[in-house]
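Engineer: 3D, please:
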Amino acid sequence: MKYLIVFAAVAVLIATGVASHPQRGNGDRDCQRPEGPPRDPFMMLFDTDRNGEISTQEIEQASGVLRNLDRDQSGTLTRDELPRLPHPPRHHHPHRDQHPRPEADRPPHPRIEPLSEQHRQNADSRNVPADSVIFTGGYETDPRDHGRPVALIAAALGVKPEVFRQAFSNVKPARGGAPSGARVRANKEVLMSALGKQGITNDRLDTVSNYYRYQPERGGLWKHTPATAKAIIKEGKVTGLQIITAGSGYLSPPTVLIAGHAEVKVQATLEFSQDFSRNGSIRSLTIVE
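Structural biologist: Predicted structure coming up:
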């Protein structure tokens, strides 16, 4: 209950902080260069798969995220343990330049390079309390599978991914709309003729297919649970990691970052299972020397 109260408090704190930023009048619109908005600490905390929205699963995991912020394990969160609101960007006012330099004397525009992996990780850890463990990625599908989480489906069915790929290769998906009843039945017969030999029943195939059904065209993702972990710190150094929630639904090992310790490399290994709650979960987290 304490964490749920703090969850609401974080939302109020962020909303109040955003509202307190001064608004510029219309006369200033031509005096500022548009810049992207600062990272929202609310999204940084709870949007664990970084897809720009807080899903139902992430809402259910919010209490675990808040527990992870409780570094002293006191059962409550203090302001020092909560993420800080980012400072608004400073804008350059052209009228302050009393003697602008001639165009020829001005330095050339800097070349914008793509963000390196290190810079991306630093951006992900911004406004997150030090020592927090951040998981990103892990939901990328194999190019051969055209967006389908085949590794998860195959594991839930108890077969190897290649077996399911081979069975699915003879399925004829509908083009430009929902399949007809006849097409659905024909595709089911194709799958069962191959998977039935592996001891898979029609009911199990339906259960697994429905569980991992999703709509990628709407930015959706199959059912998943983000992992959470705690960094073990001794004398300012990361000595290990403790998995709090192993998560589920990962297809590949996610990138693991410890806020404030970007130099620490962590390797995640996955576990696949017929149990949905453990399928695509984090088996272990190992610090790579």
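
Engineer: Do you have the strands of the stretch 51-200 of the chain handy? List them.
Structural biologist: For the stretch 51-200 of the chain, the strands defined by DSSP state E, counting those that start in this stretch occupy 133-136.

Engineer: Thr136: how many residues sit nearby?
Structural biologist: As a burial measure, Thr136 scores 15 neighbours (other C-beta atoms under 10 Å). (C-beta placed from N, C-alpha, C; glycine too.)

Engineer: Give the bridge partners for it, please.
Structural biologist: Under DSSP bridges, the beta-bridge partners of Thr136 are Thr255.

Engineer: was I right about it contacting Pro254?
Structural biologist: Yes: at 6.0 Å, Thr136 and Pro254 qualify as touching, with contact defined as C-beta atoms under 8 Å.

Engineer: Can you classify Val266 by secondary structure?
Structural biologist: Put simply, Val266 is strand when judged by DSSP: H, G, I helix; E, B strand; the rest coil.

Engineer: which residues touch the closest residue to it other than its chain neighbours?
Structural biologist: Spatial nearest neighbour of Val266, excluding adjacent residues (C-beta to C-beta, 6 or more residues apart in numbering): Val256 at 3.9 Å. Contacts of Val256 were listed using C-beta atoms under 8 Å, 6 or more residues apart in numbering, and they are Val133, Ile134, Phe135, Ala229, Leu241, Val266, Gln267, Ala268, Leu285.

Engineer: can you check Glu58 too?
Structural biologist: For Glu58, the contacting residues are Phe46, Asp47, Thr48, Asp49, Pro226, by C-beta under 8 Å, 6+ apart.

Engineer: Grab the two from these that are most spread out in space.
Structural biologist: Greatest spacing in the contacts of Glu58, by C-beta to C-beta: Phe46 and Asp49 (10.3 Å).

Engineer: Can you check the pLDDT for Ser180?
Structural biologist: With respect to pLDDT, Ser180 has a value of 77.

Engineer: do Gln61 as well
Structural biologist: 72.

Engineer: what do you get for Gly138?
Structural biologist: Looking at Gly138, its pLDDT reads 96.

Engineer: Asp47 too?
Structural biologist: At Asp47, the pLDDT value in this model is 74.

Engineer: What distance do you get for it to Tyr214?
Structural biologist: For Asp47, the distance to Tyr214 (C-beta to C-beta, to the nearest Å) stands at 17 Å.

Engineer: same deal with Phe42?
Structural biologist: Using C-beta to C-beta, Phe42 is found at 25 Å from Tyr214.

Engineer: Settle it for me: which of the two has more neighbours?
Structural biologist: More neighbours surround Phe42 than the other of Phe42 and Tyr214, with 19 against 16 (other C-beta under 10 Å).

Engineer: one step back: nearest to Leu77, of the contacts of Glu58?
Structural biologist: Nearest to Leu77 among the contacts of Glu58 is Phe46, at 14.1 Å by C-beta to C-beta.

Engineer: Now do the same contact list for the closest one.
Structural biologist: Neighbour list for Phe46: Ile54, Glu58, Ile59, Gln61, Ala62, Val65 [criterion: C-beta under 8 Å, 6+ apart].

Engineer: for these, which one is nearest Leu221?
Structural biologist: For these, the nearest to Leu221 is Glu58 (10.8 Å; C-beta to C-beta).

Engineer: From Val190, how far off is that closest one?
Structural biologist: Here Glu58 is placed at a distance of 36 Å from Val190 (C-beta to C-beta).

Engineer: And Asp145, by the same measure?
Structural biologist: The gap separating Asp145 from Val190 is 17 Å, by C-beta to C-beta.
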